[in-house]
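Asker: here is a sequence together with a model predicted from it:
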Amino acid sequence: MKRMLTILALAFLVTAAMPTVASASAKKGQKIFKKKFRKKCGFSGVRFARNHTQAEWESIYEKGKFQKEAKKICPRLKVEKIKNKWWKNVYQFTYKYASDGVVPKC
């Protein structure tokens, strides 16, 4: 029993000591869209995401043209005011709600 507790405590310490990696999420991307994109675009994030399929969004993102495409869809958007670390989250959001992706709950 003592050995089991020691192993669990050690595992907990190792896990706690590891640096946390902030991964991109669609939920964060949705919040960013609401705060930074919505007023400039004049429409919802789902409408923005439905401009392409998941494969198209993936291709655009991998080619490094995601910001350019966002500006094309939403011309009044000031791309330079969006932090670089936010783009991956916005991409995850657009990928999830793409025209062939998840249908949002209303």
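Answerer: Yes, it's here. Residues are numbered from 1 along each chain as shown.
Asker: tell me who's in contact with the closest residue to residue 74 other than its chain neighbours.
Answerer: Distances taken as CB to CB, 6 or more residues apart in numbering place residue 41 nearest to residue 74, at 3.9 Å, with adjacent residues excluded. For glycine as for every other residue, the C-beta is placed from the backbone atoms N, C-alpha and C. For residue 41, the contacting residues are 48, 73-74, 76-77, by CB atoms under 8 Å, 6 or more residues apart in numbering.
Asker: and residue 41, how far from residue 76?
Answerer: Residue 41 is 7 Å from residue 76, where distance means CB to CB, to the nearest Å.
Asker: same question, residue 99
Answerer: Residue 99 is 23 Å from residue 76, by CB to CB.
Asker: contacts for stretch 63-78, please.
Answerer: With contact meaning CB under 8 Å, 6+ apart, stretch 63-78 is reached by 37, 40-42, 48, 51-52, 57, 60, 79, 82, 87, 90-91.
Asker: which positions in it come out as buried?
Answerer: Neighbour counts over stretch 63-78 (16 or more other CB atoms under 10 Å) mark 66-67, 69-70, 73-74, 77 as buried.
Asker: equivalent analysis for stretch 33-42, please.
Answerer: 33, 36-37, 41.
Asker: per-residue confidence averaged over it?
Answerer: Stretch 33-42 comes out with an average pLDDT of 95.
Asker: ok now it, how far from the chain's centre?
Answerer: Averaged C-alpha coordinates place stretch 33-42 at 15 Å from its chain's average position (CA atoms, centre = their mean, to the nearest Å).
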